[in-house]
Structure formats: C-alpha cells, structure tokens
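Undergrad: heads up, no residue letters with this:
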C-alpha cells in the first residue's frame, strides 16, 4: 500500500538535504532518518512478540494447568489449546498485519536519503 | 500404487528443474555475476520473500522430526511449535530496513559482508565463515537424511536410492540457478507445503471421525497427550519457555534467514512479506504438528516418530494425492538445503576466497571474469557432493541433530548481528570474543550438560555470550567514525 504523506515527507527531506549538502559535510555525523524509523519498527515488532508471549502463556497454562477431568472444550479442542494455538495464531497474524499497515512506513532502500525518489 | 505415487513427484521435480533453467538464463545475462548468483540481485517481491523466508525456515524438523515428536508428546508439542509464530515478523523487522539499506551501501551478498563492514576485522569474518560452513554442513546432512527417509517411506525405494534422486536434484538446481533459482523454487515449494498441509489435515480429521473424536481418542490413549505438559511432564515449563529463545527470538541470528532480510526489492515487499509470512508460517506449524499429534490415533504403535508423516499420508490420502502431498515435506527439506548450500558457497567464494586469497577484485561490479563464475559453480557443486556423501549413514532423531546446528549458528551470529546494528559501542574484539565463547560454550553445554536448570542450553549460552560481548567491547576502543557513519549516519563518508 502506498502512503502518500510519506512520499511527500521524503521529497521535502531530499530538498532540504540538497540545500544543506555543501556546509554539512564537515559537521558532526548526521543520522539517517530512515534508521530512526527502522529502530522504531524493530521495537514495535519486539513488543508485539512479547504480547504474543503473554497471550500464549496465559491461555495455555491458565486454562491447561489443571486436571484433565476439569477441561472444557471448544470445537472439540481442549480450551487451552483452542485459545493459545488457534485463536492466538489468528489474532496475532491479524495484529501483525495491522502493525505493518498502520505503524510501518515505506522508505527508499537506496544508499542515502537523498536518492529517495529513485526506487521507493 | 507405486507409480501413482511417483508420477506427481516426477512432475514436481521437472518443474523445479525448469525454474532452475530459467534462473540460469537470467544469470547468464546478468552484468554482476556475484550479486545475481548469490542474492538474486535483490529483486525479491513480497510474495516470493515471504515464501522463501518461511520455506527456508521450515525444514525437516518442522515436517518430519517435529510432527514425529508431536506423535509422542501430543498437543503440548503443538503448543511448543506455535512459539515460532513471530519468527517472520521478528526477523524481518528487527534486522529491518536499516539492514537492507546498509547491505546496499556495501553491496553485501552474505551475512559476513555485513560483519566485515561493521567490525573491520578479518578474524571476525574468518570465524563467522568457518562457523557458518561447518554448521551448515551438519544441518544439511540432517536435512538430506530427512528427505531420503521420507522418500524411502513413501515410495518403497531404498534409502540410498531416495538419497541419490533427492540430493542430486537439490544440488543440481542450486548449482546452475543460484539464489534466484533457490528463491523461486522456495516459492513453489511453499505453495506445495500449504496445499499438502491443508489436505493432510483434512484427511486426518476425516479419518479420525472429527476433532472431538480424535481428542477423545488421544485422551483414551493417555490423558497427558492433551495437556500442555505432555506424558510424564516431559515438556516442563523451563524447557518449553527456553524454546522462546531457540525458535523465536534467536531466529533473528540464523544466517540463511537473515540473508533473505536484505534480498528484497523495496520496503513494500518487506511489509507484504511480514503479513503473508506470518500467516503461512503459523498455518504450516499448526497444521503439521497437529497432524503428527492426531497421528497417534490414526496410525498407532510407531516406534520411530520420524515415520509418522509418510505413514499418515499413505493411510489417509488416495495414492495420486499422496504423491502430490508428500511433495510438501520434501519441499520443506529441499527449500532449506538449497538456501544453506547457496549461502555456504557464497561464504567460501565471497568471504574467504575474494577477501583473503584473491584480494584485487574487491569491487563486486568488476567480478565478471569467467574464473570467478566457474569457481562459484564448482564450490556449490562440491559442497553439495560432500554433504551428499556424508548422508549415507543416517542417525536417528533428525530434530535433535538439526537443532544442534541451529543453536550453534545462533550462538555465533545473533549478538554480532543485532548489536552490530543497534549498539554503537559494539566493536570487533567484543564480536570476536562473543563468537568464540558462544560456539565454544554451546558445544560444551550441549554435549556435557544437556539441560541447565531445566532449560535448553541455548538460553545460558546466549546470556553468557551477551555478557562477554558487552564486557569486552567496553574494555576495548570504540569503532571508528567511518563505520559509525555507515551504520548510523548518512553513509557519505
């Protein structure tokens, strides 16, 4: 999916950098802004994994750590299994899709930010 | 019966060869041999990326060994398998766009290219290359054994015949087609796996008279089979929790999946791959392991768990379909070996030969000479043949053998890769110490201690490795400005 605001943002960025290019060379290291976004995405992905871990643990052991005689069943599966392995799979696959759709940004993968227009 | 099984398989193998021939034609037209042969010129789209990532990741252990253990452990082992669900989104987003951008800046073809750029140290690269090649050879042998045993189980041909047909196919298409052939065949194999898993799951549920019936029968065999802890409480919490490290977070450091994380063409491809990959991975893991667990009811009394998948397929599906669907696990195995083979070959040619033996052609754009081409083909073929030769004398439970190499690779690569990308202070001494201590302690723990406080040994090993990495890095000088600029700045200098 394209994300029009970002393309604009990237275009504006490229212009700024072109203007600054000459004088900035000798200055302190500039951070590639795409890396800031990449860091954010890495943190979000780890957070989603931790959320999945909590769901997985809570449903599997919360419902499954008891005598088998007390088990309840959903669609034929023991409830712990249904929630942790089947519902958990579907829920988190959907959450992963939402994460990518709403929190991840399309960026150019070119060597430097200035070439953004190229192959985004 | 036999020919009905074999015909779909032959058609499938021919399709794989055709894809390799197509990739070879693109290769012969390519202006940059190394980038095309070893990383497919970074042209993968979202679907192919998702499929090759998942297909590479799911191997004999997920399709043969894993369901074999599920046969013995019941639903608890399916729970363990589902720990892998985040693997696709984690490895793609943690290595992420930063990694893809840096790979383009330095024309990286292998994992060690990234390490070389980050640490500027030949010993890091040499240690990394050796660890990679040695562990890959061990892993590939395990995969070949799995494939040949499957062949044996389904066609009735001898183990050795199965091995010859199966191994020669993989080695040949990987050698002639390179990374592009690997990725394309992986995509086909991924689709075959999905179809195979769906069909088998339906077959099993139908043969068992529906899920409530199957669960009740499992309960009748042993009530522990439907608990998270499994028979005799084998799947203790510390043990199962340590798999979150081994098959979930640690997967970020597995070289043959990590290399795919810079082989895509744009960020949209990566986004789509996260979505598709997560669905496909979750479905395959759930479906295959569930088949294995239910298999206990359909085909009772097996002693070698590895035989459950072929036995189950032959039992619940008509022969022609069985032939098509058995191609699923076979595809899982082929798609793992091919990826390891091409990366091991790339490591030998690019990381060792070009860097340290024939230094002058360090500019990849000039690597067009026929010698390098021949060398790349030969290296791939010879490596394949070595592994093939070692597979004639098979060991028993594939999953453990495979996990040994799997953990060793994580011990060597996880921290150098992740800290290299996200910790400015990480330096060569730290990375080198981490690799040596990681692999050394993994061997020690895995052979001498087995479980530490009930956990899989990967957990203490990665903790020790992290501590060593951080400590040594802090005691030695920080990386130079040019490296920091390459990995955090605009990469101009």
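TA: Here it is on my side, so go on. The structure displayed is predicted, hence computed values, not measured ones.
Undergrad: helix or strand for the residue of the stretch 51-200 of chain B found nearest chain A, which one?
TA: Across the stretch 51-200 of chain B, no residue is closer to chain A than residue B:93, which sits at 3.5 Å (CB to the nearest CB). The way it works is simple: take the backbone N, C-alpha and C, and place the C-beta from them, glycine included. Taking DSSP states H and E as the definition, residue B:93 sits inside helix B:87-105.
Undergrad: what packs against that helix?
TA: helix A:33-64, helix A:88-103, helix B:46-57, helix B:111-119, helix B:255-258, helix B:267-298, helix B:398-422, helix B:481-488 (3 or more CB pairs under 8 Å, 6 or more residues apart in numbering or on different chains; DSSP states H and E).
Undergrad: Please identify the most buried of those.
TA: Greatest average neighbour count among the helices and strands packed on helix B:87-105 goes to helix B:46-57 (a mean of 27), per mean count of other CB atoms under 10 Å in any protein chain shown.
Undergrad: thinking again about what came up before, residue B:138 is nearest to which of the helices and strands packed on helix B:87-105?
TA: Among the helices and strands packed on helix B:87-105, the nearest to residue B:138 by CB to CB is helix B:398-422 (4.4 Å).
Undergrad: Can you name the next helix or strand after the closest one?
TA: Using DSSP H and E, the helix or strand that follows helix B:398-422 towards the C-terminus is helix B:428-444.
Undergrad: angle of that following helix against helix B:398-422?
TA: Angle, helix B:428-444 to helix B:398-422, by axes from the mean of the first three to the mean of the last three CA atoms, to 10 degrees: 170 degrees.
Undergrad: what about helix B:428-444, distance to the chain center?
TA: From the chain centre to the centre of helix B:428-444 is a distance of 22 Å (CA atoms, centre = their mean, to the nearest Å).
Undergrad: Tell me which residue is most central in chain B.
TA: Taking CA atoms, centre = their mean as the criterion, residue B:57 is the residue nearest the geometric centre of chain B, at 3.7 Å.
Undergrad: Next, work out how far apart that one and residue B:81 are.
TA: 12 Å (CB to CB, to the nearest Å).
Undergrad: Residue B:172 too?
TA: Taking CB to CB, one finds residue B:172 at 32 Å from residue B:81.
Undergrad: These two: which is more packed in?
TA: residue B:81 (27 against 17; other CB atoms under 10 Å in any protein chain shown).
Undergrad: Enumerate every residue touching that one.
TA: B:62, B:66, B:70, B:285, B:286, B:288, B:289 (CB atoms under 8 Å, 6 or more residues apart in numbering or on different chains).
Undergrad: Same list, the residues you listed, but only the ones touching chain A.
TA: residue B:286 (CB under 8 Å from any CB of the partner chain).
Undergrad: mind putting the contacts of residue B:81 in CSV, pLDDT included?
TA: As requested, those are arranged in CSV below (pLDDT from 0 to 100):
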residue, pLDDT
B:62, 76
B:66, 87
B:70, 93
B:285, 94
B:286, 96
B:288, 92
B:289, 94
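Undergrad: From the contacts of residue B:81, pick the one nearest residue B:319.
TA: Closest to residue B:319, out of all of the contacts of residue B:81 and judged by CB to CB, is residue B:288, at 20.9 Å.
Undergrad: any low-confidence regions in the chain?
TA: No chain was given, so I picked chain A. A:1-29, A:114-120 (pLDDT under 70).
Undergrad: that's the wrong chain, I meant chain B
TA: B:1-2, B:60, B:359-369, B:394-403, B:492-493.
Undergrad: Pick out the residue of the stretch 151-300 of chain B closest to chain A.
TA: Taking CB to the nearest CB, the stretch 151-300 of chain B has residue B:211 as its residue nearest chain A, at 3.2 Å.
Undergrad: before we move on, back to that, so can I have JSON lines of the contacts of residue B:81 showing distance to residue B:315?
TA: As requested, the contacts of residue B:81 are exported to JSON lines (distance: CB to CB, whole Å):
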{"residue": "B:62", "distance to residue B:315": "21"}
{"residue": "B:66", "distance to residue B:315": "19"}
{"residue": "B:70", "distance to residue B:315": "16"}
{"residue": "B:285", "distance to residue B:315": "22"}
{"residue": "B:286", "distance to residue B:315": "21"}
{"residue": "B:288", "distance to residue B:315": "16"}
{"residue": "B:289", "distance to residue B:315": "18"}
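Undergrad: out of the contacts of residue B:81, who's nearest residue B:387?
TA: Using CB to CB, residue B:62 is the member of the contacts of residue B:81 that lies nearest residue B:387, at 19.6 Å.
Undergrad: could you list every residue that touches the closest one?
TA: B:81, B:284, B:285, B:288, B:289, B:332.
Undergrad: burial of the residue of the stretch 51-200 of chain B closest to chain A, as a residue count?
TA: Applying other CB under 10 Å, we find 30 other residues in the vicinity of residue B:93.
Undergrad: where's residue B:346 relative to chain A, distance?
TA: To chain A, residue B:346 is 20 Å away according to CB to the nearest CB, to the nearest Å.
Undergrad: quick one: residue A:68 and residue B:227 touch, right?
TA: Yes - counting by CB atoms under 8 Å, residue A:68 touches residue B:227, with 6.2 Å between them.
Undergrad: now stretch B:19-30: how far from the chain's centre is it?
TA: That offset, for stretch B:19-30, works out to 24 Å (CA atoms, centre = their mean).
Undergrad: try stretch B:464-484
TA: Distance, centroid of stretch B:464-484 to centroid of chain: 29 Å (CA atoms, centre = their mean).
Undergrad: Give me the contact status of it with chain A.
TA: Yes - interface with chain A: stretch B:464-484 contributes B:481, B:484 (CB under 8 Å from any CB).
Undergrad: In that stretch, which residues are buried?
TA: For stretch B:464-484, the neighbour count (16 or more other CB atoms under 10 Å in any protein chain shown) marks B:464, B:465, B:466, B:468, B:469, B:470, B:472, B:473, B:479, B:483, B:484 as buried.
Undergrad: Stretch B:156-170 now?
TA: By 16+ other CB under 10 Å, the buried positions in stretch B:156-170 come out as B:157, B:159, B:162, B:163, B:164, B:165, B:166, B:167, B:169, B:170.
Undergrad: Take those residues and write them to TSV, including secondary structure and distance to residue B:262.
TA: Shown next, in TSV, are the buried residues of stretch B:156-170 (DSSP: H, G, I helix; E, B strand; the rest coil; distance: CB to CB, whole Å):
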residue	secondary structure	distance to residue B:262
B:157	coil	40
B:159	helix	38
B:162	helix	35
B:163	helix	33
B:164	helix	35
B:165	helix	34
B:166	helix	30
B:167	helix	29
B:169	helix	28
B:170	helix	24
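Undergrad: and chain A, which of the residues you listed reach it?
TA: Okay, of the buried residues of stretch B:156-170, nothing touches chain A (CB under 8 Å from any CB).
Undergrad: for these, which one is nearest residue A:35?
TA: The shortest gap between residue A:35 and any of the buried residues of stretch B:156-170 belongs to residue B:170, at 37.9 Å (CB to CB).
Undergrad: Report the contact partners of that closest one.
TA: B:147, B:334, B:337, B:338, B:341, B:384.
Undergrad: State the distance from it to residue B:106.
TA: From residue B:170 over to residue B:106 the distance is 30 Å, taken as CB to CB.
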